[in-house]
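Peer 1: Sharing a model that was predicted from the sequence below.
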Amino acid sequence: MNHDPTELREEEAEVRDPVEVLGEELIERRRRGDQVTTDQYARAYPELADRIRMQFPVMIALEKFKENTLSSTADPYDIEIEVPPELGDYHIVREIGRGAMGVVYEAEQQSLQRRVAVKVFPRQTLQEARKLERFARESKMAARLHHNNIVPVFGVGHHSGLHYFVMQRIKGVGLDEIIERAKSGSRPSRSSDDTLRWRFGAGSTADSGSNRSLRLARLFGRHEDDPPTIAPTGEGVGSDQDLASEMASSFVRAAGIGVQVADAIHYAHSQGVLHRDVKPSNLMIDSGGTVWVTDFGLATALQQDQPVDRNDIAGTLRFMAPEQLGGKHDTRSDLYSLGVTLYELITLQPAFVAGSKAGVVDRILHGEFEKPRSVRPRIPRDLEAIVLKAMALSPEQRYQNGRELADDLTRFINGRPVRARRIGSIGRMVRWARRDPLAASLVGTLAVVIGTSFVLVSSKWREAVEERQRAESNLIVALESMDQILGRFTSSWMARPTDLEIGPEDAAPGDSVPADLAPGELQMLVSDHSASLMEDAIRFYDRFAVDNAPSPRLMRDTARVHQRAGDIYQRLGKYAKAEHAYVRCLAILNQQDATDDTSLVLTKAKVLNQLGLVKYATSRFPEAERVFLKARDVLAQQTHRGEPACQAELARTFSNLGQSQWLMFHHEDARRSHRRAVSILESLVEWEPENPGYQLALARAYRAYYPFASNRNSNERESVKSAGIAILDELVIEHPHVPDYQCELAEMLTATVQRFRWTGNNRDQIAQLERGIKIARQLSQAYPAIPRYKVTLADALKAMGDLVDRSDPIAAATYLNEAIEIFRSLTGNFPDVPAYHFLCAMALREHSQSRFRIEQFAESQLSALQGVEELEVYVRLRPGNRIAWGMLARLHDQVAAASMSMNEAEDAETARAKAQEIRERWGPSRRR
């Protein structure tokens, strides 16, 4: 019989806790179907409201777990499912796994003759219509997910009353099994054909799968107080010293697992899909070390209650976020579960341990667990800080999205300061030195020299001020010393920024953003630290300018340090800081009379070209064109413009100008500018054939002119291509330690295939691109701080995907996916650089078209939609770019085509309408 919740039985309250009595009443009424809530009781008993709001969610959560016959406490081996040999199109081969929600079988899809994984659910799981509807909805959403770390879902079905879920067959092992092996050091239970040959760890690749798994388990499970272990003969585990040295790297491997999962979760969240049950058993690791996230959406689809309301509980208890116990769940709840998973991986014990479910729930709700370093003192502090932030009791104190968590884990892996744990400048310096000891040694030596110079120069300055004397000769000596130091520190190989090629249909042909290079220059590793040292030098010169009478020499050197700072920032992709440095440099140069000073005019033109390149790199093409024209005019006014150095800079200016003119749709002007650059540089190389700066500039000019030549004369095209490659080959051989020569060669190999991929001998073109990819990959790995090398690699991968698409679409997808991931990392690290969003959108468009041609319409639609998102970011940053709007219209066309092929007429019509709206505003997009 129902009664008013305000009627508390006084006799029970006298001998029992009133909140406990009220809680039992609440549960009893909910069992009868009354829709009573925690808030209703809290309002009725304001004096007990705080305790009610704290304890009632625990009681409700426990009741939910009692009701749920498929809870995490159920033994998966008790599940009995009679599966026939055939489930529709799928022939069952064998059982390969069990979980609380069902049994997983390896099966052969007979129509496509491929091996898949089929998860079959108990008959009682999906008997109710609403649960079946939710299962279908969640499965459809999961099937739309396309990510390198998410197990692809091929479809769902039912046969003879059994519902099943079809996924890609992943040959791997669950993270839960790895953790269990690490705890016990036991051998894996899998058969020999399922064992793994682990690649994400030290040791011979010839180790057997079982020994390799045992090695990994020992590595994760080894505690600092463990006694020395002698490896059994033949296990390949290595010496105890080897294991000790690998122990620290095991935490890096754990973080690497976290990066992959966080990235996958972030992607799923961006598609509107929550996992709700992130835990080790839902994470598979294959033989290549790739982590695969399984069961997206199934926890929600299969939970006991039908409507998704605030009281829904899905997931495994000890991995659930506090708010999830109260029926709430958002993106940060998934990240909390990942944090708990990482906790278990690095500590090898559960975060929340109690004698009962109620105790576990209470600990979760209050955030009561041992800190990782209390369990295992050798866990790095930064990794502990990341896990603690992910597991914060309040969602607002956690990472707000998966990208933030992945970024912090990546920082830990790379030895950089993590955002979860702030450290001082000294700590940052120590980390950087550990991460890059060679560069630290060089910069440390340099810092000592610079510091000594600062002391000496400052001492001279103080003496001069005190004695009111200006010892001009001493000042000149001091400035020359500082200039020589900085000259060695910022060699001119850093001058060229990231290449930003817009693409075969809409962009400037080739690229030509040359910078002077000299052989044998010291190749310093560019970093944020080198930029900060340059800022110190700027402050030194500014102080010198305040306390000394102005002189041409001091102004020149102050301008030069701003120029060098701009070069470093440009190299690091920090374009706003680079632009500021160049503007300050020009302001100083403009104060000097340069009418007859060739050196000053040349410096001014170079800085203008660098400033124009910054504007070009940030897609401000009209501004870039104006700056390049100004550089041209500066050189034209020079009375000694016949000087070879001025001619070389003029050629560089014409080449840069041609790039901007093409993107401003001044096509004939662009052709003339590129041809003028080639003509000047050919004369210079003929006059001084051994000058590597002239040779490099000519090779770049050939690459920029190549598309124009191809449109007019095929023989001229091949001649330009061959000459450019030959020049760069020679430069690489003669100067193997100049990375930009190698990068230029990779870019040349890519550019002279990419735009004409459907002509000529494809076999030769594939070999040419393979060479370019190899060079670019080596550079991006050796110099990870340089965005240009990553763009070069991604561009080459995209070109290869384009080239092989019609003959080998599977290989094409591999190339394009890697290119997309690189571009996405660039957009994440440099969100304010518009061109990276454009390049990412182009790669996504190619992937969409490739998938469409082989009738993988869902993947095609998804890639096109992601391309739309990237281009929408671009047009927000650069709203006046006609090229981008034209590309956006074509991507909407691609979405429409894929949607129509899937009979999603409404989505197709919406996409077509958006494309038409863009064309009505901007006119038809230009096509080649």
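Peer 2: Yep, it's here.

Peer 1: Pull the residues that contact the lengthiest strand in the chain.
Peer 2: Longest strand in the chain by number of residues (criterion: DSSP state E): strand 90-99. The contact list for strand 90-99 (C-beta atoms under 8 Å, 6 or more residues apart in numbering) reads 76-77, 79, 83-86, 103-110, 115-119, 164, 166, 174, 194, 281, 295. In short, each C-beta sits where N, CA and C put it, glycine included.

Peer 1: which stretches of the stretch 601-750 of the chain form helices?
Peer 2: 621-636, 644-663, 667-687, 692-712, 714-734, 739-754 (DSSP state H, counting those that start in this stretch).

Peer 1: Which pLDDT does the model give Met524?
Peer 2: We have a pLDDT of 36 for Met524.

Peer 1: Could I get the phi/psi values of His159?
Peer 2: phi -150, psi 130 (degrees, to the nearest 10).

Peer 1: neighbours of it, just the number please.
Peer 2: When neighbours are counted by other C-beta atoms under 10 Å, His159 registers 15.

Peer 1: how close does it sit to Ala142?
Peer 2: Using C-beta to C-beta, to the nearest Å, His159 is found at 20 Å from Ala142.

Peer 1: rewinding a little: out of the helices of the stretch 601-750 of the chain, flag the one nearest Arg31.
Peer 2: helix 739-754 (67.4 Å; C-beta to C-beta).

Peer 1: Could you check the angle the closest one makes with helix 714-734?
Peer 2: 160 degrees (axes from the mean of the first three to the mean of the last three C-alpha atoms, to 10 degrees).

Peer 1: can you list contacts of the next helix or strand after helix 739-754?
Peer 2: Next in sequence after helix 739-754, counting helices and strands by DSSP states H and E, comes helix 762-782. Under the criterion C-beta under 8 Å, 6+ apart, residues 739, 742-743, 745-747, 749-750, 752-753, 757, 786, 789-790, 792-793, 795-797, 799-800, 803-804, 807 lie in contact with helix 762-782.

Peer 1: tell me the domain ranges of this protein?
Peer 2: 10-56, 490-518+562-767, 805-922 (automatic domain parsing).

Peer 1: any chance of those in TSV, plus mean neighbour count, distance to Ile265 and mean pLDDT?
Peer 2: Below are the domains of the chain laid out as TSV (neighbours: other C-beta atoms under 10 Å; distance: least, C-beta to C-beta, whole Å; pLDDT from 0 to 100):
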stretch	mean neighbour count	distance to Ile265	mean pLDDT
domain 10-56	15	29	75
domain 490-518+562-767	20	27	76
domain 805-922	20	15	90
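
Peer 1: now for those domains, which one comes closest to Arg398?
Peer 2: domain 805-922 (19.0 Å).

Peer 1: picking up where we left off before, run me through the strand neighbours of the longest strand of the chain, direction for each.
Peer 2: In the sheet, strand 90-99 lines up against strand 86-87 (antiparallel), strand 102-109 (antiparallel) (DSSP bridges).

Peer 1: Counting neighbours, show which residues of it come out buried.
Peer 2: By 16 or more other C-beta atoms under 10 Å, the buried positions in strand 90-99 come out as Tyr90, Ile92, Ile96, Gly97, Arg98, Gly99.

Peer 1: Format the residues you listed as TSV; extra columns: pLDDT and distance to Gln55.
Peer 2: Shown next, in TSV, are the buried residues of strand 90-99 (pLDDT from 0 to 100; distance: C-beta to C-beta, whole Å):
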residue	pLDDT	distance to Gln55
Tyr90	92	48
Ile92	93	48
Ile96	85	43
Gly97	80	38
Arg98	76	35
Gly99	67	31
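
Peer 1: Of these, which is the nearest to Gln916?
Peer 2: Of all these, Gln916 sits closest to Tyr90, with 43.1 Å by C-beta to C-beta.

Peer 1: quick one on the thing from earlier: for ChimeraX, write the select line for the buried members of the contacts of strand 90-99.
Peer 2: A single ChimeraX command selects the buried members of the contacts of strand 90-99 (16+ other C-beta under 10 Å):
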select :79,83,103,104,105,106,107,108,109,116,117,118,119,164,166,174,281,295
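
Peer 1: right, and the strands paired with strand 90-99 - which one's nearest Leu635?
Peer 2: Nearest of the strands paired with strand 90-99 to Leu635, taken as C-beta to C-beta: strand 102-109 at 67.0 Å.
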